[in-house]
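Participant: give me coordinates for this.
(chains A and B)
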Number of protein chains: 2
Amino acid sequence: MADCIFCRIVAGEIPADKVYETGTVVAFRDVNPQAPKHLLVVPKRHIATLNDLDEQTIALVGDMYLAAKQIAADEGFAESGYRTLVNCNEDGGQDVFHVHLHLMAGRRMGWPPG
Amino acid sequence: MADCIFCRIVAGEIPADKVYETGTVVAFRDVNPQAPKHLLVVPKRHIATLNDLDEQTIALVGDMYLAAKQIAADEGFAESGYRTLVNCNEDGGQDVFHVHLHLMAGRRMGWPPG
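Facilitator: Numbers count the residues shown, from 1 in each chain, chains lettered A, B, ... in the order given. Below you'll find the predicted structure:
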């Protein structure tokens, strides 16, 4: 999608601090980090929200989580811990309408989660 | 696992307010809700943390997210929005060591997410 910032990052049209990539997902650092480590994992395919996932595309969520697990190991915070979250629509706080997983670590995350 | 509270809920040994169930996952209301709607989606199979997922079990994450999507529709908050999160180990705030997805809705979730 030409007007989607994450599609443009996937395509390399907008620079991003990419840390990991597979055939189906890309991960890069959030430009407004909310924790010492704050990465975004996005599917290369444009899917607007969690509500748009179906039986044919749901495996992408698994791909995103396997990427998160690998990044946690690579960045050294797998054992200390991390929070993963995906927001959907306004009440969830979704800002970019291309599904993205927030991966946050490097401090003790609080509760409630926002 | 006999000493895992979520395994015991899955087995029906501990009561829970179940709202949804498939062959692989169960969803029930959190006993300490942090939002007007706060549900937990857990795989029936015991997996301690996100770090323990692998190529053989990762499809369970997709099952959890498809369940979350269906619950959001059933409970009427798919369009208004929701937040999904999974904590891993201490810094993430994981309290029960059986993977669980928090599904929260019914208010505008804040940022940062804890």
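
Participant: the longest helix along chain A close to chain B?
Facilitator: When chain A is parsed with DSSP state H, its longest helix is helix A:59-75. Yes - Helix A:59-75 comes into contact with chain B (C-beta under 8 Å from any C-beta of the partner chain), by way of A:59, A:61-62, A:65-66, A:68-69, A:72-73. The way it works is simple: take the backbone N, C-alpha and C, and place the C-beta from them, glycine included.

Participant: I'd like the residues you listed laid out as CSV, including pLDDT and neighbour count.
Facilitator: Formatted as CSV, the residues of helix A:59-75 next to chain B follow (pLDDT from 0 to 100; neighbours: other C-beta atoms under 10 Å in any protein chain shown):
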residue, pLDDT, neighbour count
A:59, 97, 16
A:61, 98, 27
A:62, 98, 21
A:65, 98, 25
A:66, 98, 20
A:68, 98, 27
A:69, 98, 22
A:72, 98, 25
A:73, 98, 12
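
Participant: list the residues that contact residue A:18.
Facilitator: Shown in contact with residue A:18 (C-beta atoms under 8 Å, 6 or more residues apart in numbering or on different chains): A:26-28.

Participant: and the longest helix of chain A, what other elements does it pack with?
Facilitator: Counting contacts by 3 or more C-beta pairs under 8 Å, 6 or more residues apart in numbering or on different chains; DSSP states H and E, helix A:59-75 packs against strand A:18-21, strand A:25-29, strand A:37-43, strand A:82-88, strand A:101-105, helix B:59-75.

Participant: in space, what's closest to residue A:97 - neighbours in sequence excluded?
Facilitator: residue A:48 (4.6 Å; C-beta to C-beta, 6 or more residues apart in numbering or on different chains).

Participant: residues contacting residue A:67?
Facilitator: For residue A:67, the contact set (C-beta under 8 Å, 6+ apart) comprises A:20, A:22, A:25, A:27, A:41.

Participant: among these, who's most crowded?
Facilitator: Compared across these, residue A:41 has the highest neighbour count, 26 neighbours, by other C-beta atoms under 10 Å in any protein chain shown.

Participant: low-confidence ranges in chain A?
Facilitator: For chain A, no stretch has pLDDT under 70.

Participant: how near is the closest residue to residue A:4 other than its chain neighbours to chain B?
Facilitator: The shortest distance from residue A:4 to any non-neighbouring residue, by C-beta to C-beta, 6+ apart, is to residue A:98 (5.1 Å). For residue A:98, the distance to chain B (C-beta to the nearest C-beta, to the nearest Å) stands at 16 Å.

Participant: wait, residue A:98 touches residue A:50, no?
Facilitator: No - the pair formed by residue A:98 and residue A:50 falls short of the contact definition of C-beta atoms under 8 Å, at 11.5 Å.

Participant: what's the local residue count around the closest residue to residue A:66 other than its chain neighbours?
Facilitator: Nearest residue to residue A:66 in three dimensions, chain neighbours excluded: residue B:58, at 5.5 Å (C-beta to C-beta, 6+ apart). By other C-beta under 10 Å, 17 other residues sit near residue B:58.

Participant: residue contacts, residue B:58?
Facilitator: Per C-beta under 8 Å, 6+ apart, neighbours of residue B:58: A:62, A:65-66.

Participant: dump the residues you listed into CSV; add distance to residue B:90 as well.
Facilitator: Formatted as CSV, the contacts of residue B:58 follow (distance: C-beta to C-beta, whole Å):
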residue, distance to residue B:90
A:62, 25
A:65, 19
A:66, 22
